[in-house]
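Trainee: What follows is a predicted structure for the sequence shown.
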Amino acid sequence: MVPKIAIIGGGAVGHYLASLLHLKDYSVTLFETKSAWERQLGTGIFSSSSIDLPILEEFSSPHQITSLKLFSPSGKSATMELPQSYRLYTPEDLEEALKERFKDFEGRVISGRVLEVKRVEGMWQIHTPEGVHEANFIIGADGISSLVRKSLGFLYPAENITMEVSVELPQDLGQEATIQFFDNIPGYFWIFPRMGRTVAGLWGTSQFLQARHLFEKMDILINNTLQVPVAAGIQRHVAHLPTFGKFTPREVAGAGWALVGEAAGLIDPLSCEGLYWALKSASLLADSFDQKSFSAKRYLGSLSREVIPSLRKRQFLRKILYRSWVLNWLIPKVESKRRTQHFFRTQFLPSTC
Ligand SMILES: Cc1cc2nc3c(=O)[nH]c(=O)nc-3n(C[C@H](O)[C@H](O)[C@H](O)COP(=O)(O)OP(=O)(O)OC[C@H]3O[C@@H](n4cnc5c(N)ncnc54)[C@H](O)[C@@H]3O)c2cc1C
């Protein structure tokens, strides 16, 4: 039987997946709670990801970042020039490209929060405020608070939840990106230029973190680093992200269901970035629908080969790197040692794996 697919979560990744499955002639319905796509205030995704994500080639004008400045926890700094290939695709670029790709698909988007998903006699019932919809295959592309994941009975381990705060500043502060590490906490403060403005934020993984404290710390860091105060009343964002922990295949796909992106726990444990991994998992999932059926084995096999090894490597690096003495020792070497430069460039500019 040809699966009738319901994708819960129509963020950039849900839309991307829907367009891929639509191209394969599947009947797809996308459920999204927001009327407009939420603009993440993140840095974006780097051009090097386009090597295996051709969709990035569709973006019109990526922004270039020319240098990266690193600060160790003890306050020592080092700057490195970046090769020309370091272009940044912002979430807005992504949104534009996906909307273009998705423009013929408007009819099958159901707006409104999915309140409940239930499996009854092999069919999924999807409850929305407007009524109940049915599908025989369900995909959770619904982010950290994934209802699909919860309905299947899987929770993220508390120690993998990271908090991120961010703000967009109206100033144009050039083409330099900054990353500043903290004492013994996985996480960092970041500043990335956008066209004519700047985004800054801070993330950390610790059960003791509170959003209020992170905002206070971020404001001080912005003031110290950029010499610009964060204006009162400026819109601030706070988010929780499930960084990658352990890969448990039976919690990612099975008969009649699959998870992608954050819902599958695919967030980089070193840089806390998720767009690349989410798009990659969506593309692997679409490839696992063949001849009108889905192979969970194929999807899990592709993830195990093409995604999980990189995330595991980065999880290992996270354990070693996020210690003050390691960063205090490494960062001053950046300006003189090409290998150290290469290490920071490839590990900390988002989505370069
Ligand atoms: C502030 C912030 C900054 C970030 N910056 C970056 C960055 O610079 N680079 C990067 O690579 N990653 C970044 N990330 C992470 C990245 O945005 C996510 O990892 C990526 O978007 C994952 O996509 P997703 O589809 O899994 O989840 P999401 O993008 O969260 O999409 C989930 C979608 O599901 C919808 N949804 C949820 N529940 C329901 C429901 N019950 N019914 C209907 N719809 C529902 C939501 O409205 C949302 O649109 C950032 C995240 C945050 C929060």
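Mentor: Done, it's in. Numbering: from 1, shown residues only.

Trainee: how about the nearest residue to Arg113, chain neighbours excluded?
Mentor: Thr33 (4.2 Å; CB to CB, 6 or more residues apart in numbering). Just so you know, the C-beta spots here come from the backbone N, C-alpha and C atoms, and that holds for glycine as well.

Trainee: Could I get the pLDDT score of that neighbour?
Mentor: In this model, Thr33 is scored at 86, pLDDT.

Trainee: list the contacts for it?
Mentor: 111-114 (CB atoms under 8 Å, 6 or more residues apart in numbering).

Trainee: Would you map the helices across the protein?
Mentor: Remark: helices assigned in the chain by DSSP state H are 12-23, 91-102, 147-151, 211-226, 275-287, 296-306, 308-321, 324-330, 338-348.

Trainee: Worst mean pLDDT among those?
Mentor: helix 91-102 (a mean of 70).

Trainee: for it, the distance to its chain's centre please.
Mentor: Distance of helix 91-102 from its chain centroid, counting by CA atoms, centre = their mean, to the nearest Å, is 15 Å.

Trainee: tell me what that helix is packed against?
Mentor: When contacts are defined as 3 or more CB pairs under 8 Å, 6 or more residues apart in numbering; DSSP states H and E, helix 91-102 packs onto helix 12-23.

Trainee: The helix it packs on and the ligand in contact?
Mentor: Yes - using CB under 6 Å from any ligand atom, a contact is recorded between helix 12-23 and the ligand, made by 13-14.

Trainee: For that helix, list the C-alpha coordinates in PDB.
Mentor: Extracted in PDB, the C-alpha atoms of helix 12-23 (Å, rounded to 0.1, in the frame of the first residue of the first chain):
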ATOM      1  CA  ALA A  12      12.400  24.600   7.200                       C
ATOM      2  CA  VAL A  13      13.200  20.900   7.600                       C
ATOM      3  CA  GLY A  14       9.600  19.700   7.500                       C
ATOM      4  CA  HIS A  15       9.000  21.800   4.300                       C
ATOM      5  CA  TYR A  16      12.200  20.400   2.700                       C
ATOM      6  CA  LEU A  17      11.200  16.800   3.500                       C
ATOM      7  CA  ALA A  18       7.700  17.400   2.200                       C
ATOM      8  CA  SER A  19       9.000  18.800  -1.100                       C
ATOM      9  CA  LEU A  20      11.400  15.800  -1.500                       C
ATOM     10  CA  LEU A  21       8.600  13.200  -0.900                       C
ATOM     11  CA  HIS A  22       6.200  15.200  -3.100                       C
ATOM     12  CA  LEU A  23       8.700  15.000  -5.900                       C
END
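
Trainee: Buried residues of it, list them for me.
Mentor: For helix 12-23, a neighbour-count test (16 or more other CB atoms under 10 Å) marks 12-22 as buried.

Trainee: quick one: contacts for the closest residue to Leu152 other than its chain neighbours?
Mentor: Leaving aside its chain neighbours, Leu152 sits nearest to Trp257 (6.8 Å; criterion: CB to CB, 6+ apart). Contacts for Trp257 (CB under 8 Å, 6+ apart) come out as 124, 137-140, 148, 152.

Trainee: try 10 Å
Mentor: For Trp257, the contact set (CB atoms under 10 Å, 6 or more residues apart in numbering) comprises 6, 117, 119, 124, 135, 137-140, 148-149, 151-152, 294, 296.

Trainee: buried subset of those?
Mentor: Applying 16+ other CB under 10 Å to those flags 6, 117, 124, 135, 137-140, 148-149, 151-152, 294, 296 as buried.

Trainee: Using pLDDT, spot the least trustworthy of those.
Mentor: Phe294 (93).

Trainee: Surely that one and Lys4 touch.
Mentor: No - with contact defined as CB atoms under 10 Å, Phe294 does not count as touching Lys4 (11.9 Å).

Trainee: what touches both of those two?
Mentor: 26, 137.

Trainee: Can you list which of the contacts of Trp257 are found in strands?
Mentor: 6, 117, 119, 124, 135, 137-140, 294 (DSSP state E).

Trainee: what's the most distant pair in these?
Mentor: Val117 and Phe294 (17.1 Å; CB to CB).

Trainee: Report the buried residues of stretch 72-84.
Mentor: 72-73, 78, 80, 82.

Trainee: same question, stretch 2-12
Mentor: 3-12.

Trainee: Next, the distance between the ends of it.
Mentor: 25 Å (CA to CA, to the nearest Å).

Trainee: Give me the distance from that stretch to the chain's centre.
Mentor: 19 Å.

Trainee: how about the buried residues of stretch 72-84, which pair is most distant?
Mentor: Across the buried residues of stretch 72-84 (CB to CB), the longest gap, 22.9 Å, separates Pro73 and Leu82.

Trainee: Now tabulate the buried residues of stretch 72-84 in CSV and tack on pLDDT and distance to Ile144.
Mentor: Below are the buried residues of stretch 72-84 laid out as CSV (pLDDT from 0 to 100; distance: CB to CB, whole Å):
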residue, pLDDT, distance to Ile144
Ser72, 95, 30
Pro73, 94, 28
Ala78, 95, 34
Met80, 91, 33
Leu82, 83, 31
